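In: Got a sequence here, can you build the structure:
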Amino acid sequence: MTDAGGGTARPGPWDPGLQPERTQLAWRRTVAAVAVGALVSLRVLPPVLGGWAVAASGAGLLAGGALWVAAGRRARSVDRVLRRTDGVLPDGALLLGLVVVVTCGAALAAVAVAVGLRV
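Out: Modelled structure (predicted):
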């Protein structure tokens, strides 16, 4: 089996195709959506939550930034492990972080709707 450069392809789980790049781009789009949601909340929530809306939006932006950095680190780690064909792949901590951020955002939206209905 030969690779594109004419050399012998190294056996292992790593595929030199575009899948790693597509995965990293998907994480970037997801984190960008979290950041956009935080900015939209800054526009929508102040009439209902007042100053708390600014704090919630800031927390969402900080969480989005942290997820962006963590996703980049995870992508580099996965690439490094798969190229060596040994080592341990990263765990699901990044996915758990994303779930926590999105769940908190959904809870905040539910509170805003409940408070907005009473006004």
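In: in the chain, which residue is closest to the centre?
Out: The residue lying closest to the centre of the chain (C-alpha atoms, centre = their mean) is V31, at 4.0 Å.
In: That one sits in which helix or strand?
Out: helix 19-44 (DSSP states H and E).
In: Could I get the buried residue list for that helix?
Out: P20, Q24, W27, V31, V34, A35, G37, A38, S41, L42 (16 or more other C-beta atoms under 10 Å). (Glycine included, C-beta is placed from N, CA and C.)
In: so how far is G105 from R43?
Out: Counting by C-beta to C-beta, to the nearest Å, the gap from R43 to G105 is 14 Å.
In: max-length helix in the chain?
Out: helix 51-84 (DSSP state H).
In: Could you list the single helix or strand in the protein with the lowest mean pLDDT?
Out: helix 46-49 (a mean of 84; mean pLDDT, DSSP states H and E).
In: Other residues contacting that one?
Out: Helix 46-49 has contacts (C-beta atoms under 8 Å, 6 or more residues apart in numbering) with A53, V54, A56, V111, A112, V115, G116, V119.
In: now the helix holding V31 and helix 51-84, what's the angle there?
Out: 180 degrees (axes from the mean of the first three to the mean of the last three C-alpha atoms, to 10 degrees).
In: Just name whatever secondary elements helix 19-44 is in contact with.
Out: Under the contact criterion of 3 or more C-beta pairs under 8 Å, 6 or more residues apart in numbering; DSSP states H and E, helix 19-44 touches helix 51-84, helix 93-118.
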